[in-house]
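Visitor: Structure for this input, please:
(chains A and B)
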2 protein chains.
Amino acid sequence: MNIAVLGTGMVGRTIAGRLQELGHTVTVGTRDPQATLARSEPDAMGTAPYAVWAAAHDGIGSATFAGAAASAELIVNATSGAASLEVLSRAGNENLAGKVLVDIANPLDFSQGMPPTLFVKDTDSLGEQIQRTFPEAKVVKTLNTLNADLMVHPAALPEGSSVFVSGNDDDAKKTVTGLLEEFGHTDVIDLGDITTARGTEMLLPVWLRLWGALGTSAFNFKIVR
Amino acid sequence: MNIAVLGTGMVGRTIAGRLQELGHTVTVGTRDPQATLARSEPDAMGTAPYAVWAAAHDGIGSATFAGAAASAELIVNATSGAASLEVLSRAGNENLAGKVLVDIANPLDFSQGMPPTLFVKDTDSLGEQIQRTFPEAKVVKTLNTLNADLMVHPAALPEGSSVFVSGNDDDAKKTVTGLLEEFGHTDVIDLGDITTARGTEMLLPVWLRLWGALGTSAFNFKIVR
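Guide: Residues are numbered from 1 along each chain as shown, chains lettered A, B, ... in the order given. Reported below is the predicted structural model:
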């Protein structure tokens, strides 16, 4: 599939690299590709410059958000929650319309310190905000409930675990479920329409406390039934 | 142990019955024991009258909230989230002080229809509200993340799953963890202080969607790591 991954952070890189490994054609979208590729210092989180990663992933193109989205059949929103609506607007409604838009962002608010809170919750969700803003896109919320490595290599855990899909379009959820199975997921639970993203986004607070209590982010929820 | 279970609904009955089965001395607290025992019709949820259950559980006493709490070493809040603070006030600060207070209520708000939302979340929690209101009680939030049957019979699931404890007092969490292990729980995760109850209370929205998607409440979260 021809896939655009919007976002050059750890999540975007991890998803893009895995998709290429699986044989997909991948373009990473960023605000200003030249500026992104020119950066030579690690970011505030200590993440290596994008150019270093891009050099090691020959064949993955870099483009503007709009350029990446325009040529893609499926678009992955791997930006921060706070930036998602603006980034998707830059990608352009006309480049999202009719396409599957995989939203893996979380509406984290770091303004009050750690742990972050959620800037939308309970009666609305980021997934719904995106669907309302881009009504012609087929938004599927998924993968926001585990760390980037486990998103694409769930078999790294000692046993199978669960991931979720939320969205209004059944065919879009089937397409995304297929990609998740390519990543190695064996239990993809369809929670229902995009409003069910309220549930998975509200998993973040316990995920953050589990990270603290367990001292590792290498864990995932399994729905035992 | 001498235990008071506050609340005569399905959760209270299930916890009380299981604690008695395990050899504990149990008193169920209710607003007006005579009125509760006089009721002869099922409630709005179709739950059989309390008197029918009580007759089948010889040896479990009924008392006012204050009467039950006064003689107990450990108190279980099994009331609805919306009623919890008022019920615990009726139980009386003096009857809770210095004791372990197990809070299994969820702050569900049914006023806007189904699914319910949460009347406190993200920057506060019901567990914290209870701890602030009764600062001398040793509040431990637990068991609010699975159905009543599985709370006390987790082995009914095909494999082990996880439950959580949140609280400021380590000894109180140890006592509660011991009770959970008596119930059959094999993976009790200590999330930290009572503020971590924000995480487990915010699990409810996805729990409710999973109930809908799976068509059963006989499931639980397992933290695979």
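Visitor: tell me the contacts of A:A213?
Guide: B:189-192, B:196 (CB atoms under 8 Å, 6 or more residues apart in numbering or on different chains). Glycine gets a C-beta too; all of them are placed from N, C-alpha and C.
Visitor: Can you narrow those residues down to the ones near chain A?
Guide: With CB under 8 Å from any CB of the partner chain as the criterion, the contacts of A:A213 include B:189-192, B:196 near chain A.
Visitor: Could you dump these into CSV and include neighbour count?
Guide: Below are these laid out as CSV (neighbours: other CB atoms under 10 Å in any protein chain shown):
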residue, neighbour count
B:I189, 21
B:D190, 17
B:L191, 25
B:G192, 18
B:T196, 28
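Visitor: which one of the contacts of A:A213 sits closest to A:L126?
Guide: B:T196 (23.1 Å; CB to CB).
Visitor: Unless I misread the structure, that closest one falls within a helix.
Guide: Yes: counting by DSSP: H, G, I helix; E, B strand; the rest coil, B:T196 falls inside a helix.
Visitor: got the contacts of A:A213 as CSV, with pLDDT columns?
Guide: Shown next, in CSV, are these (pLDDT from 0 to 100):
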residue, pLDDT
B:I189, 98
B:D190, 98
B:L191, 98
B:G192, 98
B:T196, 98
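Visitor: how about the residues of chain A that lie near chain B?
Guide: For chain A, the residues in contact with chain B (CB under 8 Å from any CB) are A:112, A:117-118, A:121-123, A:157-161, A:164, A:189-192, A:196, A:198-200, A:202-203, A:205-210, A:212-214, A:216, A:218-225.
Visitor: out of these, which are inside strands?
Guide: Cross-referencing those against strands under DSSP state E gives A:117-118, A:164, A:189-192, A:220-224.
Visitor: Quick check, A:L157 in contact with A:L150.
Guide: Yes: A:L157 is within contact range of A:L150, at 6.6 Å (criterion: CB atoms under 8 Å).
Visitor: how near is the closest residue to A:L203 other than its chain neighbours to B:H153?
Guide: Residue nearest to A:L203 in three dimensions, not counting chain neighbours: A:T145, with 5.0 Å by CB to CB, 6 or more residues apart in numbering or on different chains. To B:H153, A:T145 is 27 Å away according to CB to CB, to the nearest Å.
Visitor: okay, those two: which has more neighbours?
Guide: Using other CB atoms under 10 Å in any protein chain shown, the more surrounded residue of A:T145 and B:H153 is A:T145, with 24 against 13.
Visitor: Let me know the secondary structure of the more buried one.
Guide: Three-state assignment for A:T145 (three-state DSSP): coil.
Visitor: Could you double-check that it sits in contact with A:P205?
Guide: No: look at A:T145 against A:P205 with CB under 8 Å: they stay out of range, at 11.6 Å.
Visitor: what about A:E181, how many residues close to it?
Guide: Applying other CB under 10 Å, we find 11 residues neighbouring A:E181.
Visitor: which of the residues in the one helix or strand it maps to are buried?
Guide: A:E181 belongs to helix A:170-183 when elements are defined using DSSP states H and E. Using 16 or more other CB atoms under 10 Å in any protein chain shown as the test for burial, helix A:170-183 gives A:172-173, A:175-177, A:179-180, A:182-183.
Visitor: Output those residues as CSV; include the columns pLDDT.
Guide: Output for these, formatted as CSV (pLDDT from 0 to 100):
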residue, pLDDT
A:A172, 98
A:K173, 98
A:T175, 98
A:V176, 98
A:T177, 98
A:L179, 98
A:L180, 98
A:E182, 98
A:F183, 98
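Visitor: which of those residues sit farthest apart?
Guide: Spatially, the most separated pair among the buried residues of helix A:170-183 is A:A172 and A:F183, at 16.9 Å (CB to CB).
Visitor: picking up where we left off before, as JSON lines, the ones in strands among the residues of chain A next to chain B with distance to A:E128 would be great.
Guide: Converted to JSON lines, those look like this (distance: CB to CB, whole Å):
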{"residue": "A:T117", "distance to A:E128": "18"}
{"residue": "A:L118", "distance to A:E128": "13"}
{"residue": "A:F164", "distance to A:E128": "15"}
{"residue": "A:I189", "distance to A:E128": "19"}
{"residue": "A:D190", "distance to A:E128": "17"}
{"residue": "A:L191", "distance to A:E128": "13"}
{"residue": "A:G192", "distance to A:E128": "12"}
{"residue": "A:N220", "distance to A:E128": "24"}
{"residue": "A:F221", "distance to A:E128": "21"}
{"residue": "A:K222", "distance to A:E128": "26"}
{"residue": "A:I223", "distance to A:E128": "23"}
{"residue": "A:V224", "distance to A:E128": "28"}
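Visitor: Tell me the one of these nearest B:D58?
Guide: A:V224 (34.4 Å).
Visitor: Make sure that closest one is actually in contact with B:V163.
Guide: No: A:V224 is not in contact with B:V163 according to CB under 8 Å; the separation is 11.8 Å.
Visitor: The two: which is more packed in?
Guide: B:V163 (25 against 20).
Visitor: I am finished for the moment; much appreciated.
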